[in-house]
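K.L.:
okay, structure incoming, though there's no sequence with it:
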């Protein structure tokens, strides 16, 4: 069974559209994350949720809105897509925010978003 | 704020040769350090992590890393490269306040026959 899964794997869309990426983890973890990997492979955190509550919100445009319906799911909705949003988006999860900074994060396979 | 620097965006080795990927960290307190590997078109997989229990950390696939406080380094090594080691390698430090990973810029390892 896949520990952290994302759908879709590839997403091609036009500028101005709204799209969502879904993430699910079956590890029983309490904390989930969204990372963005740009064309130069640089990875940067966007959001973090712990048990459905937002705990990290980096300087991400308001067009990006994460939603966590339960602690096993963290979806990412993007409004009014721009060319610069083209990237690979990774979901990750870890045991518990309270466990501390040594906790391992488990990553999903990524969603490659291409905005035309 | 914690940060890591990876020297060399690309490292090329021959199969069977020593692999050395460099990572230096910046942190005012003892850091938690990680090495992740990303194979083409895949997600990130943890190779190993340093959590202050031991300075020499052994990971999966024959990789290991040594934490050297005096050099603020956490270099990744493997005695003998295999073709299957070709991938992107990321060093990361965990932000102590919020348990977020701060990644280096990555090093692509190329292995030639």
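P.N.:
Thanks, I have it. Please read all numbers here as calculations on a predicted model, not as lab measurements.
K.L.:
host element of the most centrally placed residue in chain A?
P.N.:
Averaging the C-alpha coordinates of chain A gives a centre point, and the residue nearest to it by CA atoms, centre = their mean is residue A:34 (2.8 Å). Remark: residue A:34 resides in strand A:31-37, with elements defined by DSSP states H and E.
K.L.:
what sits up against that strand?
P.N.:
Contact with strand A:31-37 is made by A:23, A:25, A:43-51, A:55-56, A:66, A:68, A:71, A:73-74, A:76, A:87-97, A:103, A:105, A:107, A:110, B:99-101, as judged by CB atoms under 8 Å, 6 or more residues apart in numbering or on different chains. From N, CA and C alone the C-beta is placed, and that goes for glycine too.
K.L.:
for the record, mean pLDDT for it?
P.N.:
Taken as a whole, strand A:31-37 carries a mean pLDDT of 94.
K.L.:
is chain B contacted by the helix or strand just after it?
P.N.:
Reading on from strand A:31-37 to the C-terminus, the next helix or strand found by DSSP H and E is strand A:43-50. Yes. Between strand A:43-50 and chain B, judged by CB under 8 Å from any CB of the partner chain, the touching residues are A:43, A:44, A:45, A:48.
K.L.:
which stretches of chain B have low pLDDT?
P.N.:
B:96-99 (pLDDT under 70).
K.L.:
residue A:67 bridge partners, please.
P.N.:
According to DSSP bridges, the partner residues bridging residue A:67 are residue A:75.
K.L.:
next, the contact list for residue 63, please.
P.N.:
Just so you know, I chose chain A. Residues counted as contacts of residue A:63 (CB under 8 Å, 6+ apart) are A:78, A:79, A:80, A:81, A:82.
K.L.:
please go with chain B instead
P.N.:
Residue B:63 makes contacts with B:19, B:35, B:47, B:48, B:76, B:77, B:78, as judged by CB under 8 Å, 6+ apart.
K.L.:
which residues does the residue nearest to the centre of chain A bridge with?
P.N.:
Counting by DSSP bridges, residue A:34 is bridged to residue A:47, residue A:91.
K.L.:
any idea how far it is from chain B?
P.N.:
Computed with CB to the nearest CB, to the nearest Å, the distance linking residue A:34 and chain B is 11 Å.
K.L.:
residue B:11 versus that residue, what's the distance?
P.N.:
29 Å (CB to CB, to the nearest Å).
K.L.:
likewise residue A:59?
P.N.:
If you measure residue A:59 against residue B:11 using CB to CB, the figure is 32 Å.
K.L.:
is chain B contacted by the helix or strand of chain A with the lowest mean pLDDT?
P.N.:
Considering only helices and strands, the least confidently modelled element of chain A by mean pLDDT, DSSP states H and E is strand A:53-57, at a mean of 84. Yes. Shown here: strand A:53-57 in contact with chain B (CB under 8 Å from any CB) through A:55, A:56.
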